[in-house]
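> Attaching a predicted model along with its sequence, questions to come.
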Number of protein chains: 2
Amino acid sequence: MLTFERQHAILNLLQKQKIAKIAELIDATGASESTIRRDLSELERQQKLKRIHGGASLPSRKSDEPGMSEKITAFTKEKERIGALAASYVEDNDSIYIDAGTSTEAMISKITAKNVTIVTNGLNIINTSIQHDFYTYVLGGYVKTGTHAFIGKAAAEAMQKYRFDKAFLGTNGVDLTFGYSTPDPEEAYIKELAIRESQQAFILADSSKLDQTSFTCFGSLKDATLLTDSNKDTLEYLHKLAEQTSVEAVKI
Amino acid sequence: MLTFERQHAILNLLQKQKIAKIAELIDATGASESTIRRDLSELERQQKLKRIHGGASLPSRKSDEPGMSEKITAFTKEKERIGALAASYVEDNDSIYIDAGTSTEAMISKITAKNVTIVTNGLNIINTSIQHDFYTYVLGGYVKTGTHAFIGKAAAEAMQKYRFDKAFLGTNGVDLTFGYSTPDPEEAYIKELAIRESQQAFILADSSKLDQTSFTCFGSLKDATLLTDSNKDTLEYLHKLAEQTSVEAVKI
DNA sequence: ATAAAATGATTGATTTTGATTGTTTGATCG
DNA sequence: CGATCAAACAATCAAAATCAATCATTTTAT
């Protein structure tokens, strides 16, 4: 079993059960105790999980402990870098769609092109977009709890009135055969429409999303350009992806 | 059982029953008395619970403490009072439209009715609405700088797909002959539609808006119930208004 | 073929745990 | 009011579990 696969198996198990014991992880992966411990150390360093005596748990929220702000900025570095890469594709006079999500939010402040119009279905995107004085348009719709994305029939109908030069979307999973996927079917449908209504689509996905699948597929790999980050763990998988679609990866 | 699990189990049990005895916690977790005591010490240090002789209880909230409630009630302003008045009109299962603006924002936290659906075109309203766990729908549209209201053709079209039990709107001016008015024609149009699409409309206006006119009229006095505040200066004007429409005024 | 990286076993150090100890608390009764 | 007793408590200690560091071996990349 590949290191990369194994570490994702650990994170997957952690998402199903909020905590996992070492023995469970050994059982689930077939690796030795030493290897599991090394994985946990590495994943904790990446802030993907939190180690506890006897196993691991999902990372605690930022508000839990004081003095976390530095770690947060370290954790968002990947997203900032990917955001900068995405922003470099935006040209003067573009009309672009920006999907709800934290990855996509990071790109807005990096956009240097002039006279850009931003259309979005994300509450966080609106806030950031008006902060940076972009022409901002909002899809209507039902506000989903959690992601605060505007979805549903109203959002879909509004979407079809626009044509975008480019669309920038987040995702929960990138898989060689299943393509791009996200848990909520309604959200997936909006993403699907965005890809359809845009001349060029980009998927922003940090490396934790690679080799993952969620409930609903919203596009195949070739439908969009994948923007992600590369490190020694993901390099091999990125090569496989590159056979099917165009990939741009920033070094971390 | 892991330390982390056990401590969560303790906090869970405490949320169901506000206090728990040591014996109950031993029974619930299977750990020894020493371990439970250590957990309680640690959790008390984290302010997650309060130890009492024989067990533990939930920590007292700030609002429970003496001297806090007075500060909260003492800090009530005009808009808060008008907001509370407006909120009192909202009934169970209502679908209501809430206009962009600070006056209308104040009413949201005061709504006590159950199963309320909120439709809005205001960025600030969305934020407050989801904070209070209402079913929230958003009109799409162009984001106007300043008020952060969603306006334009898309907003108008979206508006026409809804029928509201009640609509709550802000205004810039209330005038005996010109009615209700606001500077931006696009915003005025959305307000006009909101009044048309609702069974009952309310205008929230603090007394500084009385006897004022703005560029665009969006309704005559009789189209809506005026919610405002009264003092000795405005009393006379309110009487004149009351001849043409229904007025509710809170004493300041 | 060689170097680099990942793995698994082993070791000693650290943490957690439950039992035991003596002390403190709070209720009961004279 | 104070003496008395049982329950609750904190402190300590040894055993068990978990952990980090090390090293030899295997796998992978060049």
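On my side now, so go ahead.
> Around DNA strand D, pick out the residues from the stretch 151-252 of chain A.
Taking CB under 7 Å from any atom of the strand as the test, the list of the stretch 151-252 of chain A residues beside DNA strand D reads residue A:236. For every residue, glycine as well, the C-beta is placed using N, CA and C.
> what residues does the stretch 151-252 of chain A put near chain B?
Applying the criterion CB under 8 Å from any CB of the partner chain, the portion of the stretch 151-252 of chain A that neighbours chain B consists of A:154-155, A:158, A:161.
> try 6 Å this time
On the criterion CB under 6 Å from any CB of the partner chain, chain B has as its neighbours in the stretch 151-252 of chain A the residues residue A:158.
> Get me the contact residues on the stretch 1-150 of chain A for DNA strand D.
Going by CB under 7 Å from any atom of the strand, the residues of the stretch 1-150 of chain A near DNA strand D are A:21-23, A:34, A:37, A:41, A:51-55.
> Which ones, among those, also lie beside DNA strand C?
A:34, A:53.
> among the residues of the stretch 1-150 of chain A next to DNA strand D, who's most crowded?
residue A:55 (21 neighbours; other CB atoms under 10 Å in any protein chain shown).
> Quick check: it vs residue B:32, distance?
According to CB to CB, to the nearest Å, residue A:55 stands 20 Å off from residue B:32.
> Then residue A:144?
Summarising the geometry, the distance separating residue A:144 from residue B:32, computed by CB to CB, is 45 Å.
> which ones are touching the residue most central in space within chain A?
When chain A is reduced to its mean C-alpha position, the closest residue under CA atoms, centre = their mean turns out to be residue A:205, at 3.9 Å. If you count contacts by CB atoms under 6 Å, 6 or more residues apart in numbering or on different chains, residue A:205 has them with A:171, A:174, A:228.
> same question, residue A:227
Neighbour list for residue A:227: A:82, A:85-86, A:202, A:204, A:248 [criterion: CB under 6 Å, 6+ apart].
> In strands, which of these fall?
A:202, A:204, A:248 (DSSP state E).
> Please enumerate the helices of chain A.
With DSSP state H, the ranges of helices along chain A come out as A:3-16, A:22-29, A:33-45, A:69-75, A:77-87, A:102-108, A:123-131, A:153-159, A:185-197, A:235-242.
> Just name the most buried of those.
Mean neighbour counts were taken over the helices of chain A using mean count of other CB atoms under 10 Å in any protein chain shown, and the top value, a mean of 23, falls to helix A:102-108.
> hmm, that one in reach of chain B?
No: figure legend: helix A:102-108 not in contact with chain B (CB under 6 Å from any CB); closest approach 13.5 Å.
> starting at the chain centroid, how far to that helix?
In terms of CA atoms, centre = their mean, to the nearest Å, the gap separating the centre of helix A:102-108 from the centre of its chain is 10 Å.
> quick one: average pLDDT of it?
Averaging pLDDT along helix A:102-108 yields 94.
> now do stretch A:214-222
Mean pLDDT, computed over stretch A:214-222, is 94.
> about what we covered before: arrange the residues of the stretch 1-150 of chain A next to DNA strand D in CSV, one row each, with pLDDT and distance to residue A:140 as further columns.
Formatted as CSV, the entries for those read as follows, by pLDDT from 0 to 100; distance: CB to CB, whole Å:
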residue, pLDDT, distance to residue A:140
A:21, 96, 46
A:22, 97, 49
A:23, 95, 50
A:34, 96, 54
A:37, 97, 50
A:41, 94, 46
A:51, 94, 44
A:52, 95, 43
A:53, 95, 49
A:54, 95, 48
A:55, 95, 44
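> For the residues of the stretch 1-150 of chain A next to DNA strand D, which two are the farthest from each other?
Spatially, the most separated pair among these is A:34 and A:52, at 18.4 Å (CB to CB).
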